[in-house]
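>>> task: produce atomic coordinates for the following.
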Amino acid sequence: MEPLVLVPGVQGRWEYMRRTVDALSVHFRVVTFSLRGNSIDEYADQVARALDERKIDRAIVCGVSFGGRVALRFAATASARTSALVLVSTPGPAWHLRPRHVTYTRWPRVFGPLFLAEAPWRLRAELLSALIGSISLLPFVLSSGTGAEIEKPLAIVVVGGLVMSPIKIVMLPMVYEWVESVAARRAARRVDAAAA
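Predicted coordinates:
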């Protein structure tokens, strides 16, 4: 199978893309990892180390979101090791993390609540479009005339989707992180209990 390096997004955890890894594994030898480092060059070096550890000379390099910037840096500095470059939802060259968000990513457990508290401001465009879409569908949700039996259920589903999508963007990664930390603590307790 052809090797494919999958570089995760700004959250840094490959586990958030487990289903993607599983789906790609049907067609590719998927290599992925959690991002560790403090600069784009350190992340690009991590791609090279992942290939070296598996004795892979060349691979398709696929970066998701911020991982696309890492993949692009790797491809630019190690073009001989890059058979193809795939960028998925990658921000443009002018995009940079704000200094406080860099701090948040270094200590996510400490600054997670603050990051969450800022979420409505960061998601204001999505929240505004969800609000406007929901308001525009209210006549259908509240209708009782001819065709209401078809329009009303559809409008309720669409409004629910519009309202829930921005919430899922914020909440799912946090819930995943919490579930993973609980599972890690339980596994550590089992190891400690077995050792005792």
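>>> outline the domain layout of this protein.
2-88, 99-195 (automatic domain parsing).
>>> what's the first-to-last distance across the longest one?
In this case it means domain 99-195. 43 Å (Cα to Cα, to the nearest Å).
>>> now it: how far from the chain's centre is it?
In this view, domain 99-195 has its centroid 13 Å away from the chain centroid, taken as Cα atoms, centre = their mean, to the nearest Å.
>>> picking that back up, which of the domains of the chain sits most buried?
domain 2-88 (a mean of 17; mean count of other Cβ atoms under 10 Å). C-beta: built from backbone N, CA, C; applies to glycine.
>>> chain center to that domain: distance?
14 Å.
>>> what's the span of it, first residue to last?
19 Å.
>>> and Val64, its phi and psi?
phi -110, psi 130 (degrees, to the nearest 10).
>>> okay, and the beta partners of it?
Counting by DSSP bridges, Val64 is bridged to Val88.
>>> sorry, back to before: any idea which of the domains of the chain scores lowest on pLDDT?
Ranked by mean pLDDT, those bottom out at domain 99-195, with a mean of 76.
>>> all strands of this protein, in order?
Using DSSP state E, the strands found in the chain span residues 2-7, 28-32, 59-64, 82-88.
>>> turn those strands into CSV, including distance to Pro153.
Below are those laid out as CSV (distance: least, Cβ to Cβ, whole Å):
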stretch, distance to Pro153
strand 2-7, 39
strand 28-32, 40
strand 59-64, 35
strand 82-88, 34
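>>> out of these, flag the one nearest Ala187.
Comparing those by their distance to Ala187 (Cβ to Cβ), the top pick is strand 28-32, with 21.1 Å.
>>> that closest one packs against which elements?
strand 2-7, helix 18-24, helix 40-53 (3 or more Cβ pairs under 8 Å, 6 or more residues apart in numbering; DSSP states H and E).
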